[in-house]
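[1] Provided below for reference: sequence and predicted model.
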Amino acid sequence: MTVNLEVTNLVKKFGKFEALKGINLELNAGEVLGYIGPNGAGKSTTIRSILGILKPTSGSIKVFGKDAFDNAAEIHKRISYIPGTVYLWPNLTGGETIDMLLALSNQKHTAKTDQLIQDFHLDITKKNRDYSKGNLQKVALVATFSTDADLYIFDEPTSGLDPLNEDIFQQKLLDLKHENKSILLSSHILSEVERAADRIAVINDGQIIQSGTLEELQNVASSEVEVSTKVVADKLATFAGVTNLAEIKANSYSFKIKIAALEPVMTYLTGLGIINLSIQRPSLDELFLKYYNVKEVK
């Protein structure tokens, strides 16, 4: 598998302030890496370092196997990037802006560009100064998706978009993935990351506090179980990992448990005769809150 981005022990200081404290990330071809965290956590500083705008204090960033800072100009030829806040030339139309952005990347307006304009329902005849925030975002997205690159970096890409256009964005991400492109998706919209990402890295206070697939992250947190059995389950409380046990009604129970500890509990419940069973794994929103309510995930 081709590794297109490798961040190793990245530290970035601004004077005495340490913005990034040993960041490690890896992004392969054909993969979406979700990078989540609150404002000020270090997401944008990481991205600016990857783009070669900021020089690391220590550690390394390799993009396509080359140093991100020393080879920024060469690397940028293979990157398509959209920032969190889009500022465009006010007197240009949306269409003129898209063509200019493509030309700056030595790209051309193609049939794919026209299809993207249609898919995002963008009126390219309006001037940028007359666009809403969402339409400015669409201009940038059309230019970004029109660019043939190997690494796509999206920083809060759906800001201002309505749900319909958010769905279109998700589909375009999937198209890039099928084309074996690498995608770094930085966002605080957790449902967006949850739908698209193959792996997720959670950053807080300049540190990665958890990373892995969504399933792996879910496995370190407790799932919620509701079960009804034919006879009383009076030994549930004795099983390791069972917490928040409550009897909803006769022979019906709710409790929390980590997936790794679930098998013996299920064997016990099956022996009692299961009538109804619901296992709800934590959503990314719930995991996010868990990770930010404690410094270390137990």
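    Everything's here; your move.
[2] use CA for all of it now, contacts and neighbours both
    OK.
[3] Can you give me the domain boundaries for this structure?
    3-211, 222-281 (automatic domain parsing).
[4] Can you say which of those is packed in most?
    Of all the domains of the chain, domain 3-211 carries the top mean neighbour count, a mean of 18, counting by mean count of other C-alpha atoms under 10 Å.
[5] what's the first-to-last distance across that one?
    Domain 3-211 has its terminal residues 17 Å apart, counting by C-alpha to C-alpha, to the nearest Å.
[6] next one: it to chain centre, how far?
    11 Å (C-alpha atoms, centre = their mean, to the nearest Å).
[7] Can you tell me which of the domains of the chain is nearest to Leu289?
    Set against Leu289 and scored by C-alpha to C-alpha, these come closest in domain 3-211, at 10.4 Å.
[8] which helix of this structure spans the most residues?
    Using DSSP state H, we find that the single longest helix of the chain is helix 163-178.
[9] Throw the domains of the chain into TSV and include mean pLDDT and distance to Phe288, thanks.
    Shown next, in TSV, are the domains of the chain (pLDDT from 0 to 100; distance: least, C-alpha to C-alpha, whole Å):
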stretch	mean pLDDT	distance to Phe288
domain 3-211	93	8
domain 222-281	92	13
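[10] if we can go back for a sec, and the longest helix of the chain, what does it pack onto?
    strand 182-187, helix 190-196 (3 or more C-alpha pairs under 8 Å, 6 or more residues apart in numbering; DSSP states H and E).
[11] mind saving the C-alpha coords of it as PDB?
    Once non-C-alpha atoms are left out, helix 163-178 reads as follows in PDB (Å, rounded to 0.1, in the frame of the first residue of the first chain):
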ATOM      1  CA  PRO A 163     -27.900  18.900   3.700                       C
ATOM      2  CA  LEU A 164     -28.400  18.100   0.000                       C
ATOM      3  CA  ASN A 165     -25.000  19.600  -0.900                       C
ATOM      4  CA  GLU A 166     -23.400  17.800   2.100                       C
ATOM      5  CA  ASP A 167     -24.600  14.500   0.600                       C
ATOM      6  CA  ILE A 168     -23.200  15.500  -2.800                       C
ATOM      7  CA  PHE A 169     -19.900  16.300  -1.100                       C
ATOM      8  CA  GLN A 170     -19.900  12.800   0.500                       C
ATOM      9  CA  GLN A 171     -20.500  11.200  -2.900                       C
ATOM     10  CA  LYS A 172     -17.600  13.100  -4.400                       C
ATOM     11  CA  LEU A 173     -15.300  11.900  -1.600                       C
ATOM     12  CA  LEU A 174     -16.300   8.400  -2.300                       C
ATOM     13  CA  ASP A 175     -15.500   8.900  -6.000                       C
ATOM     14  CA  LEU A 176     -12.000  10.100  -5.100                       C
ATOM     15  CA  LYS A 177     -11.500   7.100  -2.800                       C
ATOM     16  CA  HIS A 178     -12.500   4.800  -5.700                       C
END
